[in-house]
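Chemist: A predicted structure for the sequence below; I have some questions about it.
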Amino acid sequence: MSKRDYYEVLGVSKDASERDIKKAYKRLAMKYHPDRTAGDTELEAKFKEVKEAYEVLTDDKKRQMYDQYGHAAFEQGGGQGGFGGGHADFGDIFGDVFGDIFGGGRRQSRQQRGADLRYNLDLSLEEAVRGKDVEIKVPTWVSCKPCDGSGAKPGTKPKTCTTCHGAGQVQMRQGFFAVQQTCPTCSGTGQIISDPCDKCHGQGRVEKTKTLSVKIPAGVDTGDRIRLSGEGEAGVSGAPAGDLYVQVTVREHPIFVRDGNNLYCEVPISFSTAALGGEIEVPTLDGRAKLKIPAESQTGKMFRMRGKGVKSVRSGMVGDLICKVVIETPVNLNERQKELLREFEESMGGDNSKNSPKAQGFFDGVKKFFDDLTK
């Protein structure tokens, strides 16, 4: 049967770049790789065809010969650098393209580390700012105590797999291909447990809910993670445990809004305090504090209280509390209060430019706007 065109095999054009060829090869090799298509001879043949096309088209010299002579350049050892001149190991090319996806043909570790875990922890703003010790419960896999994580019944030991001799992988040769696969006898562990532990049934680990004490440092914020090394899932057959990551989320506060190390809050003040000035009490995380309001303060004015914010968990720097004053319009006025306000309004006279410069400027702008429209 005649061979298909190498460019057609990879699904690329004849002027495709090496990068495009590698990308096409990676996609097809993952689809037809023997580890995924074990026992399907038709798909294994497609994988060989894909690999052969890749080896030629990524070698400048071979590609040039192929473009000139086609498949005839490599038949019966003809042409320099053809397949007849030597057999490259499967790992040489596959590992170069896939790296750690399939292990690059290299021996993979028999002991697979346990999975990392994540625990979501909600904190109040006060807890996040001050720090605290919390107790959490985490369902996980832990090392089996009776067998000490080996998976073998106490008093016995796992034996070295006779198929892979402890490597966890076996090499299969198909023509000039050398393909490494997970050992079917020991499932990649490199060991055989002939007498499994009654507690864990040979896994070396059991399910358990662990209770852990976690120290939350002062100053943490939403998105911060605390890593507890070795507190994740235990690995199979005595493999090392993964890590536990405590993910922090700080709940919204009814008064303060946090931005980095600074705190913000809105403080309502009376009309008279804004006009005449005075001293008011404002909340802080450490209790109440005095804030001086200068006369003629406008709504929206910001006042900074240094050192009343949050201490950074990383630098140790302390932020500030920034208070935004909002002038509150009085409500539920009695007749006398209304009368005083009317007298006050009358005392202002018709010229607002002196007492209300912003309002006067606004209305001057409005007048100019309409004057311009009528021109």
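Modeler: Everything's here; your move.
Chemist: so how far is L117 from the residue nearest to G230 when sequence neighbours are not counted?
Modeler: Spatial nearest neighbour of G230, chain neighbours left out: A241 (4.9 Å); criterion: C-beta to C-beta, 6 or more residues apart in numbering. (Each C-beta comes from the backbone N, C-alpha and C, glycine too.) Separation of A241 from L117 (C-beta to C-beta, to the nearest Å) stands at 10 Å.
Chemist: distance between the ends of stretch 122-136?
Modeler: Stretch 122-136 stretches 11 Å from its first residue to its last (C-alpha to C-alpha, to the nearest Å).
Chemist: report the buried residues of it.
Modeler: Neighbour counts over stretch 122-136 (16 or more other C-beta atoms under 10 Å) mark L123, L125, E127, A128, V129, R130 as buried.
Chemist: tabulate those residues (TSV), appending secondary structure and distance to P184.
Modeler: Output for the buried residues of stretch 122-136, formatted as TSV (DSSP: H, G, I helix; E, B strand; the rest coil; distance: C-beta to C-beta, whole Å):
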residue	secondary structure	distance to P184
L123	strand	49
L125	helix	56
E127	helix	52
A128	helix	52
V129	helix	57
R130	helix	57
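Chemist: what residue ranges in the stretch 1-150 of the chain are flagged as low confidence?
Modeler: Scanning the stretch 1-150 of the chain for pLDDT under 70 picks out 1-2, 34-39, 75-111.
Chemist: what ranges do the helices span in it?
Modeler: All helices of the stretch 1-150 of the chain, identified by DSSP state H, counting those that start in this stretch, fall at 6-10, 18-32, 41-57, 60-69, 90-98, 125-130.
Chemist: any idea which of those gets closest to K290?
Modeler: In terms of C-beta to C-beta, the element of these nearest to K290 is helix 125-130, at 21.2 Å.
Chemist: against which helices or strands is the closest one packed?
Modeler: strand 244-250 (3 or more C-beta pairs under 8 Å, 6 or more residues apart in numbering; DSSP states H and E).
Chemist: buried residues in the next helix or strand after the strand it packs on?
Modeler: Per DSSP states H and E, the first helix or strand lying C-terminal to strand 244-250 is strand 257-259. Across strand 257-259, burial judged by 16+ other C-beta under 10 Å covers R258.
Chemist: list of residues touching strand 257-259?
Modeler: Outside strand 257-259, the residues that touch it by C-beta atoms under 8 Å, 6 or more residues apart in numbering are L125, D221, V250, L263, Y264, C265, V310.
Chemist: now stretch 267-281: buried residues?
Modeler: V267, I269, T273, A274, G278, I280.
Chemist: and for stretch 217-228?
Modeler: G219, V220, D221, D224, I226, L228.
Chemist: looking at those residues, which is nearest K324?
Modeler: Of all the buried residues of stretch 217-228, D221 has the smallest distance to K324: 21.3 Å, by C-beta to C-beta.
Chemist: for A275, see how far away that closest one is.
Modeler: 39 Å.
Chemist: same check, this time on K46
Modeler: For K46, the distance to A275 (C-beta to C-beta) stands at 85 Å.
Chemist: show me what contacts E127?
Modeler: E127 touches I216, counting by C-beta under 8 Å, 6+ apart.
Chemist: with distance to G190 added, can I get the buried residues of stretch 122-136 in JSON lines?
Modeler: Listed next are the buried residues of stretch 122-136 as JSON lines, based on distance: C-beta to C-beta, whole Å:
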{"residue": "L123", "distance to G190": "44"}
{"residue": "L125", "distance to G190": "52"}
{"residue": "E127", "distance to G190": "47"}
{"residue": "A128", "distance to G190": "46"}
{"residue": "V129", "distance to G190": "51"}
{"residue": "R130", "distance to G190": "50"}
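Chemist: from the residues you listed, which is closest to P330?
Modeler: P330 has its nearest neighbour among the buried residues of stretch 122-136 in L125, at 31.6 Å by C-beta to C-beta.
Chemist: so that closest one makes contact with V250?
Modeler: Yes: the pair L125 / V250 is scored as a contact, 5.9 Å apart, by C-beta atoms under 8 Å.
Chemist: now stretch 21-31: buried residues?
Modeler: For stretch 21-31, the neighbour count (16+ other C-beta under 10 Å) marks I21, K22, A24, Y25, L28, A29 as buried.
Chemist: enumerate every residue touching the residue sitting nearest the centre point of the chain.
Modeler: The C-alpha lying nearest the average C-alpha coordinate of the chain belongs to G223 (C-alpha atoms, centre = their mean; 10.0 Å). Shown in contact with G223 (C-beta under 8 Å, 6+ apart): Q247, V248.
Chemist: for it, helix, strand, or coil?
Modeler: Three-state assignment for G223 (DSSP: H, G, I helix; E, B strand; the rest coil): coil.
Chemist: tally of neighbours for the closest residue to E233 other than its chain neighbours?
Modeler: Nearest residue to E233, sequence neighbours excluded (C-beta to C-beta, 6+ apart): G114, at 3.8 Å. Applying other C-beta atoms under 10 Å, we find 22 residues neighbouring G114.
Chemist: wouldn't G114 be in contact with G232 here?
Modeler: Yes: look at G114 against G232 with C-beta under 8 Å: they come within range, at 5.5 Å.
Chemist: shared neighbours of those two, anything?
Modeler: A241, G242.
Chemist: what pairs with T209 across the strands?
Modeler: Here T209 sits in beta bridges with P139, going by DSSP bridges.
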